[in-house]
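[1] Kindly return the folded structure for what I paste below:
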Amino acid sequence: MTYVLLARNWWALALRGVLAIIFAILAVMWPGLTLIVLALLFGAYALVDGLFAILAALRAPEGYERWWVHFFEGLAGVLVGIIAFFWPGITAFALLYLIAAWAIITGVLEIAAAIRLRRYVAGEWLLALSGALSLLFGILIVLVPSAGAIGVVWIIAFYAFLFGLLLIALALRLRRLEQGLWRAV
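    As a prediction, the model looks like this:
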């Protein structure tokens, strides 16, 4: 059952909430750096991932016919990583759309989970509210990307802070549910 799994792992939701709040505070403290740093971190990931994909292609067993797929996937990763390092501003703009897509998908899934959990968890509205917030945040980024990187960073920080608070509130409710589950055993 989903609610039992969530209740037993309430601490993971609380940790996600705390990390979101920490991220929000850091984004407010260094708004000009936040998007660039995210772009550079993405570039580092893409570069390393690409190098490992190339290595996997070159080390493919003899007779493996699709080695070239891994090779070109790796080449694309290396290329994207280099672009992110040399043009982090463009990468940051593209990253905004990735963040928007992530927020929209997360929002839809959280709303769906809240609807499924309403029979089992009294505070399911918190999950639905965080889902609605995610959905609104994603749509806002898509509709107003020209608001400027600093403005978007402030929106990201505000979103992360509220998201973190809602996750912590839900985690505390799930913790009470989990304590009740253990008493029932």
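[2] Flag the shaky bits of the protein, pLDDT-wise.
    1-6, 32, 34, 146-151, 181-185 (pLDDT under 70).
[3] Check which residues of the helix ranked longest in it are buried.
    Using DSSP state H, we find that the single longest helix of the chain is helix 149-184. By 16 or more other Cβ atoms under 10 Å, the buried positions in helix 149-184 come out as 149, 152-157, 159-175, 177-178. The way it works is simple: take the backbone N, C-alpha and C, and place the C-beta from them, glycine included.
[4] What of stretch 82-102?
    Those would be 83-84, 88, 91-96, 99-100, for stretch 82-102 by 16+ other Cβ under 10 Å.
[5] Make JSON lines from those and add distance to Arg59 to it.
    JSON lines is the format used below for those (distance: Cβ to Cβ, whole Å):
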{"residue": "Ile83", "distance to Arg59": "26"}
{"residue": "Ala84", "distance to Arg59": "26"}
{"residue": "Pro88", "distance to Arg59": "32"}
{"residue": "Thr91", "distance to Arg59": "29"}
{"residue": "Ala92", "distance to Arg59": "34"}
{"residue": "Phe93", "distance to Arg59": "36"}
{"residue": "Ala94", "distance to Arg59": "31"}
{"residue": "Leu95", "distance to Arg59": "31"}
{"residue": "Leu96", "distance to Arg59": "36"}
{"residue": "Ile99", "distance to Arg59": "34"}
{"residue": "Ala100", "distance to Arg59": "37"}
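[6] thought Leu58 was touching Gly74?
    No: here Leu58 lies out of contact with Gly74, judged by Cβ atoms under 8 Å, at a distance of 9.1 Å.
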